[in-house]
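> have a look at this fold, sequence not included:
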């Protein structure tokens, strides 16, 4: 897997923790708030990069379907 930028790593770590605790994926708005962003575009860009690098995946057109594929996936449904 390719290395992550600090912003991508921050989102990835947050996603892993959120999914582990909540047992479901967060919404884009929740990710925006957690990353202290005012627009969904940077979140969507980071998600695309994480997907392209093989850390996460999701079902197109469906909300809250992010799955962790990277090293932290152990123990995450």
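Looks like it came in fine. If you're wondering where the values come from, they're calculated on a predicted model, not measured in any experiment. Residues are numbered from 1 along each chain as shown.
> helix or strand for residue 11, which one?
Secondary structure assignment for residue 11, by DSSP states H and E: helix 6-22.
> elements contacting that helix?
helix 28-34, helix 40-52, strand 67-68 (3 or more CB pairs under 8 Å, 6 or more residues apart in numbering; DSSP states H and E). Using the backbone N, CA and C atoms, a C-beta is placed for each residue, glycine as well.
> was I right to think residue 72 contacts residue 16?
Yes - proximity of residue 72 to residue 16 meets the contact threshold set by CB atoms under 8 Å, at 4.3 Å.
> quick one: which of these two has more around it?
A side-by-side neighbour count of residue 72 and residue 16, using other CB atoms under 10 Å, places residue 16 first with 19 against 16.
> ok, the residue located most distally from the centre of the chain - contacts?
Farthest-out residue of the chain from its mean C-alpha position, per CA atoms, centre = their mean: residue 38, at 17.0 Å. Taking CB atoms under 8 Å, 6 or more residues apart in numbering, we find residue 38 in contact with residue 32.
> redo that, cut-off 6 Å
Counting by CB atoms under 6 Å, 6 or more residues apart in numbering, residue 38 touches no other residue.
> ok, the one 5 residues further on next?
Taking CB under 6 Å, 6+ apart as the contact definition, residue 43 lies against 28, 31, 32.
> measure the residue lying closest to it once chain neighbours are set aside to residue 60 for me?
In this structure, residue 43 finds its nearest non-sequential neighbour in residue 31, 4.7 Å apart by CB to CB, 6 or more residues apart in numbering. As defined by CB to CB, to the nearest Å, residue 31 lies at a distance of 17 Å from residue 60.
> more neighbours: these two, which one.
Set side by side, residue 31 and residue 60 show more neighbours around residue 31, with 22 against 5, by other CB under 10 Å.
> helix, strand or coil for the residue lying closest to residue 13 once chain neighbours are set aside?
Of all residues not flanking residue 13 in the chain, residue 72 sits nearest, at 7.9 Å (CB to CB, 6+ apart). Reducing the assignment at residue 72 to three states with DSSP: H, G, I helix; E, B strand; the rest coil gives helix.
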